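> fold the following.
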Amino acid sequence: MARVPPGCDPDSIVLTFPVAREHAGLRLDRFIQSRIPRLSRTRANRIVRACAYRADGTRRRASERVKAGETVLLVRPPMNEPATPRSFGVLYEDDDVLAVYKPAGLPVHPTATYHRNTLSYLLRETYGDPAPQFAHRLDRETSGVVVCAKHAAAEVALKRRFERREVGKRYLAIVRGYPPAKGVIDRPLGSALSGPHVCMAVREDGAPARTHYERVDVRDGAALVRLRPESGRQHQLRVHLAAIGYPIVGDKLYGPDAEAPFVELIEEGPSDALLRRLGHPRHALHAERLEIPHPRTGAPLVLEAPFPWDLERLWANAGRALRGEPAVGWDALLEPRWGDLPARGHGRH
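Predicted coordinates:
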């Protein structure tokens, strides 16, 4: 990881942006805008003026031109990040691939709110820089398998498999109500026209999205379902299940009366009243299995993550949870319990 430049707070967060050949000659603010999704030119200019440094501690100007091969440093003062789990499990590892068990509550990538409390930061702490690169992502509250590449060629190969839909993905979810024994949800998805900006919705003009589901078991007003998405749209499983009337327990965006809990969470933080309404601190969704051709050999690589302890407890107490007596509290999720999860061995190659 990059060192904090001289003169800056030693606890500052340093973001590094290597300049590729195709970006050489861009203004610094234009370069930063190109590297950070959905960043306006005005905001990029403001960020550069406030945060751009050289390694020797000198400041940079928004108007200067970047050079191929250099690394731009953005130095952000320390911030008080929300607490998250600070560990992960290793499911499989070789010279090309790393598959990890991401606990619920741990973001994959840095955001405006999270930096050190992210899986990407923990991987850099463990493996150094450059760290293994993600081939895909999971939502912060979703637990389960995340596969990473340990070098550039493997990253290209793995991401190509996802783009070509050559990956088999399987999830488990606990939902409200009893869906049919099995079925296919084939509804296009696009950005929601109202509500929080991250929300998706079923829209006729949206991108094609298709999910296979199978009911595994039912209990006290809830069902355990297995899901196989054909496509990989944002929030696809959560939106699809809500659209057919069986939202995931604990879902703040797509559950019953979803917008009110979300607003309460943002304005007041997690409360006992909110937890009772949700039934669980996080949405009850788990990425249990991922099958992908190995990036070097092409042989099937099967990666599996055991059902997490909090969802085991939720399923055992489903009726109580839906009546507003959640089996797991907010604070409990900050200390994931791996049980007898081995350091390696769930992957099959």
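
> helices of the stretch 51-200 of the chain, start to end?
Along the stretch 51-200 of the chain, the stretches classed as helices by DSSP state H, counting those that start in this stretch are 119-127, 152-163.

> so of these, which one's packed in deepest?
helix 119-127 (a mean of 18; mean count of other CB atoms under 10 Å). (C-beta placed from N, C-alpha, C; glycine too.)

> give me the mean pLDDT for it.
For helix 119-127, mean pLDDT is 92.

> likewise stretch 4-16?
pLDDT averaged over stretch 4-16 gives 82.

> can you give me the buried ones in that stretch?
Neighbour-count burial for stretch 4-16, counted by 16 or more other CB atoms under 10 Å, picks out 4-5, 8, 12-15.

> what about it, distance to the chain center?
26 Å (CA atoms, centre = their mean, to the nearest Å).

> send the alpha carbons of that stretch over as CSV?
Only the C-alpha atoms of stretch 4-16 are listed here, as CSV (Å, rounded to 0.1, in the frame of the first residue of the first chain):
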residue,chain,number,x,y,z
VAL,A,4,1.2,8.6,3.5
PRO,A,5,3.1,11.6,2.0
PRO,A,6,5.1,13.7,4.4
GLY,A,7,3.2,16.4,6.2
CYS,A,8,-0.1,14.5,6.1
ASP,A,9,-1.9,12.9,9.1
PRO,A,10,-0.2,9.5,9.4
ASP,A,11,-3.6,7.9,9.8
SER,A,12,-4.9,9.3,6.5
ILE,A,13,-6.3,7.0,3.8
VAL,A,14,-4.3,7.0,0.6
LEU,A,15,-5.9,6.0,-2.7
THR,A,16,-3.6,5.2,-5.6
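
> contacts for it?
For stretch 4-16, contacts defined as CB atoms under 8 Å, 6 or more residues apart in numbering pick out 1-3, 53-57, 71-79, 110, 115-116.

> hmm, back to that, and the helices of the stretch 51-200 of the chain as CSV, adding distance to residue 62?
Shown next, in CSV, are those (distance: least, CB to CB, whole Å):
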stretch, distance to residue 62
helix 119-127, 27
helix 152-163, 30
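
> which one of these lies nearest to residue 179?
helix 152-163 (27.3 Å; CB to CB).

> sketch out the low-pLDDT regions of the stretch 51-200 of the chain for me.
79, 112, 194-197 (pLDDT under 70).

> wait, residue 59 sits on residue 48?
No: here residue 59 lies out of contact with residue 48, judged by CB atoms under 8 Å, at a distance of 9.5 Å.

> of these two, which one has the most company?
Taking other CB atoms under 10 Å, residue 59 and residue 48 do not tie; residue 48 has more neighbours (24 against 14).

> count of neighbours near the closest residue in space to the more buried one that isn't next to it in sequence?
Nearest non-adjacent residue to residue 48, counting by CB to CB, 6 or more residues apart in numbering: residue 62, 4.4 Å away. Using other CB under 10 Å, residue 62 has 18 other residues around it.

> start the count at 670 instead of 1 going forward.
Okay, residue one is now 670; in that scheme the one you just asked about reads as residue 731.

> contacting residues around residue 731?
696-698, 713-714, 717-718, 721.

> okay, now stretch 672-681: how far is its last residue from its first?
Length of stretch 672-681, first residue to last, CA to CA, to the nearest Å: 10 Å.
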